[in-house]
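Colleague: 3D model of this:
(one chain, ligands or ions: 1)
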Amino acid sequence: MDLSKREYVNEVLKKKDDSKVLVAGWVQKIKSMGNLNFIDLRDRTGVLQIVAKGFNDLSKLTPESVIVASGVIKKGQKKSGEKELILENYELMNKAETPLPIDLVQETTQLDKRINNRFLDVRNPKVSAIFKIRSEVFKATVDFFSKEGFININTPKITSAGVESGAELFEVNYFNKKAYLSQSPQIYKQMMVAAGFEKVYEIGPVFRAEKSRTVRHLTEFTGIDMEMGFIKDENDIMDVVEELMKYIIKRTINNCKYELDILNVKLEIPQNIPRIKMKEVKLMLEKEGKKLKEDDDLDAEAEKLIAKIVKKKHNCEFVFVTDYPWSKRPFYHMKPENNKNITRSFDLIFNGTEIATGAQREHRYNILKQQGKEKGVNLDSIKGYNDIFRFGCPTHGGIGLGLDRMVQCLLKLENIRESILLPRDPDRLTP
Ligand code: AMO
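Modeller: Reported below is the predicted structural model:
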């Protein structure tokens, strides 16, 4: 059959009665009643019912087989009056084996097994909806940065050193030299601001050799990194992040209505995202019975709790927690002049989980070197990093935002593995 005549289901459903059409896709469901067969045919745009009279071999079709079908469009018998295809001819392109390794109908399969069979799992419209939304979030991010004049950069993922404290490195044998998979484009994005681009962003893979078996950690994730120069302070960065969040959510609401409905998710564009100092956050938490020390980071429980408090007080699902303790931040974060125990940094918490970290960076070489010493980092050992600050470097800052976490929090998914097609974690290296 002539595939060049193929039309998508969503277009076919809008056609006038008696139009001749050719469709192709997966057999979602087959129901046989005497010499009548009813087939639900699914393609990337929707589901169409095919009514087949006298095609007796159709009753032997297996679910998820691929067929091409042609016929005429008629108003259906269902109350909704949705159009049907009265079958005239069909071709079996590929017969699916039975039984399917996962249950696409009752959805009883556990996530781990679903991921083992991800290409089948994604045929479930509830699952593909997540990835259509993820794609929109990605596109909205690119559009936002372009319209704001940021330059897209692509930086090496095989590196000689890392700069993130706490995030472990995956070692690579690079022609008998030690190398590492990139744990962040931190060095390079700062380098490209100093290079004169001033505003840069990168969306790319980030590798973390963390043996964290949690619902929010992966060993490989997609990082959205942004860096900009000539900032007044870290508030300039938060302003951009706030606009980015509003833009992403607005675009998702406008362009993913169908997918959001399938997932039963209602999104709200935040008005103003509160910015609350860590010290104050800890007092707010203490009032609710969660006590943290001055130097503590927020743990997962604290993030959930502060999100709840902020939601109640400010009716906002986001919160910037600012002024993180120096002891918990990497050497390149700037400290304010009047308090050397804190940093000009922040985390963005969305629906109870940290999705981004950002800061103003220390651009003054002597102070940066000293900060490196305090953290036990020898700047000379990070090839090329020193020089960024020696030959004209403006004030600058930026963020790292996890795309997978962002989508997880946007859609309130229980596990980050639901928002990435093929996750990598300490126990998973396939498919
Ligand atoms: P950080 O290490 O906090 O900061 O990472 C930034 C964001 O990346 C995401 N993320 C992860 N997502 C999934 N699995 C993980 N194991 C994981 N680790 C981090 C989170 C996190 O907020 N260079 C700094 C950023 C900067 O200051 O510009 C950095 O990498 O969403």
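
Colleague: what values do phi and psi take at residue 116?
Modeller: In terms of degrees, to the nearest 10, the main-chain angles of residue 116 are phi -60, psi -30.

Colleague: what's across from the closest residue to residue 178 other than its chain neighbours in the sheet?
Modeller: In this structure, residue 178 finds its nearest non-sequential neighbour in residue 171, 6.3 Å apart by CB to CB, 6 or more residues apart in numbering. (C-beta placed from N, C-alpha, C; glycine too.) Following DSSP bridges, residue 171 is listed with bridge partners residue 180.

Colleague: wait, doesn't residue 171 sit right on residue 180?
Modeller: Yes: if you go by CB atoms under 8 Å, residue 171 and residue 180 touch, sitting 6.0 Å apart.

Colleague: give me the beta-bridge partners of residue 40?
Modeller: Listed by DSSP bridges, the beta-bridge partners for residue 40 are residue 29, residue 49.

Colleague: can you pull the contacts of it?
Modeller: Residue 40 makes contact with 27, 28, 29, 30, 47, 48, 49, 50, according to CB atoms under 8 Å, 6 or more residues apart in numbering.

Colleague: please pick the buried ones from those.
Modeller: 27, 28, 30, 47, 48, 49, 50 (16 or more other CB atoms under 10 Å).

Colleague: can you put those in JSON lines and add pLDDT and distance to the ligand?
Modeller: JSON lines is the format used below for the buried ones among the contacts of residue 40 (pLDDT from 0 to 100; distance: CB to the nearest ligand atom, whole Å):
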{"residue": "27", "pLDDT": "98", "distance to the ligand": "37"}
{"residue": "28", "pLDDT": "96", "distance to the ligand": "33"}
{"residue": "30", "pLDDT": "95", "distance to the ligand": "41"}
{"residue": "47", "pLDDT": "95", "distance to the ligand": "34"}
{"residue": "48", "pLDDT": "97", "distance to the ligand": "38"}
{"residue": "49", "pLDDT": "97", "distance to the ligand": "41"}
{"residue": "50", "pLDDT": "97", "distance to the ligand": "43"}
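
Colleague: and residue 237, how far is that from residue 138?
Modeller: To residue 138, residue 237 is 21 Å away according to CB to CB, to the nearest Å.

Colleague: quick one, which of the two is more surrounded?
Modeller: Shown here are residue 237 and residue 138; by other CB atoms under 10 Å, residue 237 has more neighbours (26 against 17).

Colleague: ok but that one is inside a helix, no?
Modeller: Yes: under DSSP: H, G, I helix; E, B strand; the rest coil, residue 237 sits within a helix.

Colleague: I'd say it and residue 243 touch.
Modeller: No: in this structure, residue 237 is not within contact of residue 243 by CB under 8 Å, at 11.1 Å.

Colleague: residues of the protein that sit close to the ligand?
Modeller: Counting by CB under 6 Å from any ligand atom, the chain comes close to the ligand at 164, 167, 184, 186, 208, 210, 217-218, 221, 223, 225, 354-359, 398-402, 404-405.

Colleague: filter these down to the buried ones.
Modeller: By neighbour count, with 16+ other CB under 10 Å, these hold 164, 184, 186, 208, 210, 217-218, 221, 223, 225, 354-359, 398-402, 404-405 as buried.

Colleague: looking at those, which are in helices?
Modeller: Those of those mapping onto helices are 186, 404, 405, per DSSP state H.

Colleague: before we move on, back to that, residue 171 and residue 180 - which one has more neighbours?
Modeller: A direct count of neighbours by other CB under 10 Å for residue 171 and residue 180 places residue 180 higher, at 19 against 11.

Colleague: now the helices for the protein?
Modeller: For the chain, the helices defined by DSSP H cover 9-12, 111-116, 118-121, 125-147, 186-192, 234-255, 257-263, 278-287, 300-314, 365-374, 385-388, 403-410.

Colleague: mind putting these in TSV, mean pLDDT included?
Modeller: Conversion of the helices of the chain to TSV gives the following (pLDDT from 0 to 100):
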stretch	mean pLDDT
helix 9-12	96
helix 111-116	98
helix 118-121	98
helix 125-147	98
helix 186-192	97
helix 234-255	98
helix 257-263	96
helix 278-287	98
helix 300-314	98
helix 365-374	96
helix 385-388	92
helix 403-410	98
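
Colleague: any idea which of those helices is most buried?
Modeller: With neighbours taken as mean count of other CB atoms under 10 Å, those reach their highest mean count in helix 403-410, at a mean of 24.

Colleague: I figured residue 45 hits residue 6, correct?
Modeller: No: if you go by CB under 8 Å, residue 45 and residue 6 don't touch, sitting 11.5 Å apart.

Colleague: what's the distance between the helix or strand of the chain with the lowest mean pLDDT and the middle of its chain?
Modeller: When the helices and strands of the chain are compared on mean pLDDT, DSSP states H and E, helix 385-388 comes out lowest with a mean of 92. For helix 385-388, the gap between its own C-alpha mean and the chain's C-alpha mean amounts to 31 Å (CA atoms, centre = their mean, to the nearest Å).

Colleague: packing partners of it?
Modeller: On a contact count with 3 or more CB pairs under 8 Å, 6 or more residues apart in numbering; DSSP states H and E, helix 385-388 meets helix 186-192.

Colleague: same thing but 10 Å
Modeller: helix 186-192, helix 365-374 (3 or more CB pairs under 10 Å, 6 or more residues apart in numbering; DSSP states H and E).

Colleague: show me how far the first one is from its chain's centre.
Modeller: When you say that, I think you mean helix 186-192. Relative to its chain's centre, helix 186-192 lies at 22 Å (CA atoms, centre = their mean).

Colleague: and the gap between residue 253 and the ligand?
Modeller: Per CB to the nearest ligand atom, to the nearest Å, residue 253 is found 22 Å from the ligand.

Colleague: oh, that last question was meant for residue 68, not what I typed.
Modeller: Applying CB to the nearest ligand atom, the value for residue 68 to the ligand is 41 Å.

Colleague: from what I see, that residue and residue 2 are in contact.
Modeller: Yes: Residue 68 is within contact range of residue 2, at 9.0 Å (criterion: CB atoms under 10 Å).

Colleague: what's the overlap in contacts for those two?
Modeller: Counting by CB atoms under 10 Å, 6 or more residues apart in numbering, the shared contacts of residue 68 and residue 2 are residue 22.

Colleague: and these two? Which one has more around it.
Modeller: More crowded of residue 68 and residue 2, by other CB under 10 Å: residue 68, with 19 against 8.

Colleague: list the contacts for the more buried one?
Modeller: Residue 68 makes contact with 1-3, 5-6, 22-25, 41, 89-93 under the criterion CB under 10 Å, 6+ apart.

Colleague: can you rerun that using 8 Å?
Modeller: By CB under 8 Å, 6+ apart, residue 68 lies in contact with 1, 3, 6, 22, 23, 24, 90, 91, 93.

Colleague: hang on, the earlier thing: just the residues of the chain next to the ligand: which are in strands?
Modeller: Judged by DSSP state E, the residues of the chain next to the ligand include 221, 223, 225, 354-359, 398-402 as members of strands.
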